[in-house]
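after the sequence you'll find the predicted model.
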Amino acid sequence: MTRADRRLPQWPLALRRYLWASFSLHLVWEIVQLPLYTIWTTGTLGQQTFAILHCTIGDAMIAGLALLIALAVVDQPTWPAAGMRAIWLLVLALGVGYTLYSEWMNVNVRRSWAYAAGMPTLPLIEVGLAPVLQWFIVPTLVLWLAIGRPPWAATDHETPR
């Protein structure tokens, strides 16, 4: 472990930061994107509050499970000092993949929720762009906050020699 690696948070601290930052940033995202769903105009304040909290808790669970799966697959015992780029990419893939499925299923099949006219959608699958972007942007920021460096930055352990 290099001197720079010793300044990085060890995995328990990084995990706690990840979980708190994930919950917090997903909460902000859910509040900001609420006008892109019909519940903004059709729901009561209580329904809107429930939707925000329900979705935020779901986001936090997805984020936690995505990180757990990524850590298990990448098998980097010195995380977060090393292996961050691979973990970041896997967390993004899992989050975006689940979101594409969930949004498509809940909007187009189950009709559990609906998009407002202002929600941009991805062609062919008619999935909202905002929730998909959420799973690129929020996990990237969360991992950055959790480990104190951009998740795409290679460490000495990840740089090819």
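Perfect, I can see it now.

which residues in this protein form helices?
Taking DSSP state H to define them, one finds helices in the chain at 3-7, 11-33, 39-42, 45-74, 84-104, 129-147.

tell me what the last one is packed against?
Packed against helix 129-147, as judged by 3 or more Cβ pairs under 8 Å, 6 or more residues apart in numbering; DSSP states H and E, are the following elements: helix 11-33, helix 45-74, helix 84-104, strand 121-122. Just so you know, the C-beta spots here come from the backbone N, C-alpha and C atoms, and that holds for glycine as well.

can you add distance to Phe136 and give those back as CSV?
Listed next are the helices and strands packed on helix 129-147 as CSV, based on distance: least, Cβ to Cβ, whole Å:
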stretch, distance to Phe136
helix 11-33, 11
helix 45-74, 13
helix 84-104, 6
strand 121-122, 13
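
closest to Val132 out of the ones you listed?
helix 84-104 (5.8 Å; Cβ to Cβ).

any idea of the angle the closest one forms with helix 45-74?
140 degrees (axes from the mean of the first three to the mean of the last three Cα atoms, to 10 degrees).

tell me what helix 84-104 is packed against?
Partner elements for helix 84-104 (3+ Cβ pairs under 8 Å, 6+ apart): helix 45-74, strand 127-128, helix 129-147.
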